[in-house]
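Engineer: whatever this is, show me its structure:
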Amino acid sequence: MSHTPEPWSFGYVPPLEANEHRAIACVNACAGMADPEAEIEVMRSKVRRLQDELRNVREQRDKLIVALSKAESNAIGGGE
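Structural biologist: Numbers count the residues shown, from 1 in each chain. This is a model prediction of the structure:
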């Protein structure tokens, strides 16, 4: 499929709808990709993996906060 070469720009036009802005940004972001669909799927997979890692880190943080709070309470109150 052929289209106007990148980079696309807004130029002097009336304000565009949000979807048109996104379409222009998408075309410019994908410029030079051999297979944009495949590359985007790889990026989505990496984002999902990072989201899972972040969720795990947050869970660990929350457990450590609870443990620290208990340890502080025990130290102040003389222990259980």
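Engineer: can you report how many residues neighbour the closest residue to Pro36 other than its chain neighbours?
Structural biologist: Closest residue in space to Pro36, ignoring its immediate chain neighbours: Cys30 at 4.2 Å, by C-beta to C-beta, 6 or more residues apart in numbering. The C-beta positions use only the backbone N, C-alpha and C, and glycine is treated the same way. The number of residues packed near Cys30 is 14, by other C-beta atoms under 10 Å.
Engineer: quick one: contacts for Cys30?
Structural biologist: Going by C-beta atoms under 8 Å, 6 or more residues apart in numbering, Cys30 touches Pro36, Glu39, Ile40.
Engineer: tell me which element Arg49 falls in.
Structural biologist: In this structure, Arg49 is located in helix 36-77 according to DSSP states H and E.
Engineer: how near is the residue nearest to Pro36 to Val42?
Structural biologist: 13 Å (C-beta to C-beta, to the nearest Å).
Engineer: same question, Leu68
Structural biologist: Counting by C-beta to C-beta - Leu68 and Val42 are separated by 39 Å.
Engineer: sorry, back to before: show me which of the contacts of Cys30 is closest to Asp62.
Structural biologist: Comparing those against Asp62 with C-beta to C-beta places Ile40 closest, at 32.5 Å.
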